[in-house]
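J.: I need the structure of the sequence given here:
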Amino acid sequence: MHWRMGELSMKGKTLAFVLAGACCVTGALSGCSLLPKEEEALAPPLVKPVKENFDLYEVKRGNIEKKITGVATFASDRMTYLYFKESGGRLESINVMVGDVIQAGDVVATIDSGDIEMKIRQQEIAIEKARIALEQAKESSRGDVQAMRLKLLDLESAQIQMDLLKNQLAKTRLVSDISGIVTYVEPMKQGDQVTAYKPIVTVSDPKEIKLVYQVSNLSDLVGVEINMDVDVKINNRQYRGKVVQIPATAPQSENKSIQDRNARSIVIKVDDLPDDVKIGTQADITIVTEKRDNVLIIPRSGLRSYLGRDYVQVLDGESRKEVDVEKGIVAATEVEIRRGLQEGQKVILNN
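T.: Next up, the predicted model:
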């Protein structure tokens, strides 16, 4: 009895094992009902294209002008540049400062004179001796022409030596030949070597002044011509002026610093100046160099350039379209379009 029960138990276990194996095989083939079913892949959502926003400008007609604006400074119309005529000397002193009022004949600078002054004093003594000897010869010779002639030649020789020494001393002193105001002093110190014809002091005549506009970039003066009108504002008061000098008409100078300044400057003559205007007074200026009326105008941000090509982008339906153009006057914020666009077209601006 016990044997039969054990046999039945073994047979039951074997049957369960077989059934489990069959289930696994079936699951492997069919996905097995015991695992969760895989979800079906979803189709990607439909995204509507974003409509591009354009910063547009409608082409229109108007007036355009190109102008130069800046701050100019009043300077003397008569300036004298003082310099030594020989190189090699050592600066001893500069006797003036910017703003000093000086008179013609004033010594503005000196270089080391060595022992010239002592030699001049010695020569003064020699001249006096020669003069006394000549007087004595006149009294004692009594008609000895040859003796008197020798003494006279001695005196003349001594005087020539004195003139040479005084000339050497004069070369060590820089003297102003006009009265006026010192408007420039070269930054030098005692002992610096002097260069021939390099201005050390500039003296200006305060009675004759002019308005000078100086730029750092030569292109800023393109278009400026002689006799152009200039709007001048001094202390919120308006005056009229005219261009009287441009780089092309500036006087020639052997001094390089003056040449460089003239090459970057224009000179303006202002009418009816008030008495309070003096050297150093500043003024706001405006010069219109080019002007056109009733032309097609767009903002400068609408003009595009690449490798010498000028073009714009216009709105064509809902898309961009490139159009080649010919530009005219280019002002600070606007540009004239001479060819390529029509009034009313919508130009796309650069962001």
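
J.: Show the residue spans covered by the helices in this structure.
T.: With DSSP state H as the definition, the chain shows helices at residue ranges 2-30, 116-141, 145-170, 256-263.

J.: which one of these has the lowest average pLDDT?
T.: If you rank the helices of the chain by mean pLDDT, helix 2-30 sits at the bottom with a mean of 44.

J.: Before we move on, what's the pLDDT of the most centrally placed residue in the chain?
T.: With the centre of the chain defined as its mean C-alpha position, the nearest residue by CA atoms, centre = their mean is S216, 2.2 Å away. Each residue has a pLDDT score; the one for S216 is 84.

J.: Next up, the contacts around the closest residue to K189 other than its chain neighbours.
T.: Leaving out its chain neighbours, the residue that sits closest to K189 by CB to CB, 6 or more residues apart in numbering is L91, at 7.2 Å. To be clear about C-beta, it is placed using only N, CA and C from the backbone, and glycine gets the same treatment. The contact partners of L91, by CB atoms under 8 Å, 6 or more residues apart in numbering, come to 109-112, 188-194.

J.: mind redoing it with 10 Å?
T.: For L91, the residues meeting the contact criterion (CB atoms under 10 Å, 6 or more residues apart in numbering) are 84, 109-112, 174, 186, 188-194, 200.

J.: Excluding covalently adjacent residues, which one is nearest to R240?
T.: D271 (5.6 Å).

J.: hang on, the earlier thing: ok, the residue nearest to the residue nearest to the centre of the chain when sequence neighbours are not counted to V232 distance?
T.: Using CB to CB, 6+ apart and skipping residues adjacent in sequence, the residue nearest S216 is R264, 7.0 Å away. With distances defined as CB to CB, to the nearest Å, the gap from R264 to V232 amounts to 20 Å.

J.: Who has more neighbours out of these two?
T.: The residue with the greater number of neighbours, taking R264 and V232 and applying other CB atoms under 10 Å, is V232; the counts read 20 against 16.

J.: thinking the more buried one is in contact with V243, fair?
T.: No: under the criterion of CB atoms under 10 Å, V232 makes no contact with V243, lying 11.4 Å away.

J.: Please enumerate the shared neighbours of these two.
T.: Where contact means CB under 10 Å, 6+ apart, the residues bridging V232 and V243 through contact with each are 211, 268, 285, 287.

J.: so who does the second one touch?
T.: Residues in contact with I268, defined by CB under 10 Å, 6+ apart, are 72, 74, 210-213, 228, 230, 232, 241-245, 283, 285, 287.

J.: Averaged pLDDT, stretch 66-79. What do you get?
T.: The predicted model gives stretch 66-79 an average pLDDT of 90.

J.: For it, could you pull out the residues that count as buried?
T.: By neighbour count, and taking 16 or more other CB atoms under 10 Å as the criterion, the buried residues in stretch 66-79 are 66, 68, 72, 74-77, 79.

J.: How many neighbouring residues does the residue nearest to R240 have?
T.: 9.

J.: swap in the one 4 residues further on?
T.: The number of residues packed around D275, counting by other CB under 10 Å, is 5.

J.: that older thread, the residue nearest to S216 is in contact with L221, isn't it?
T.: Yes: because the distance of 7.6 Å satisfies CB under 10 Å, R264 is recorded as touching L221.

J.: Overlap of the contact sets of the two?
T.: Applying CB under 10 Å, 6+ apart, one finds that R264 and L221 are jointly contacted by 213-215, 247.

J.: Please report which of the residues you listed has the highest neighbour count.
T.: Tallying neighbours with other CB under 10 Å puts Y213 at the head of the shared contacts of R264 and L221, with 23 neighbours.

J.: Now it. Nearest residue, chain neighbours left out?
T.: Here the nearest residue to Y213 in space, its sequence neighbours aside, is A72; by CB to CB, 6+ apart that works out to 3.9 Å.

J.: hey, what's that neighbour bridged with?
T.: The partner list for A72 in beta bridges (DSSP bridges) reads A283.

J.: which ones are touching it?
T.: Taking CB under 10 Å, 6+ apart as the criterion, A72 is in contact with 210-214, 230, 232, 241, 265-268, 270, 281-285.

J.: When you filter the residues you listed down to buried only, what's left?
T.: 210-214, 230, 232, 241, 265-268, 270, 281, 283, 285.

J.: L296 versus R338, what's the distance?
T.: In this structure, R338 and L296 are separated by 8 Å, where distance is defined by CB to CB.

J.: Need the residues touching each of those two.
T.: In contact with both R338 and L296: 325, 328, using CB under 10 Å, 6+ apart.

J.: Between the two, which is the more surrounded one?
T.: Taking neighbours as other CB under 10 Å, R338 and L296 compare with L296 leading, 21 against 13.

J.: Skip the chain neighbours and tell me the closest residue to the more buried one.
T.: Sequence neighbours aside, I337 is the residue nearest to L296 in space, at 4.5 Å (criterion: CB to CB, 6+ apart).

J.: Quickly note the distance from that neighbour to Y311.
T.: The spacing between I337 and Y311, counted by CB to CB, is 11 Å.

J.: now swap in Q345 and tell me
T.: In this structure, Q345 lies at 13 Å from Y311, with CB to CB as the measure.

J.: One more: R304?
T.: Going from R304 to Y311 by CB to CB gives 5 Å.
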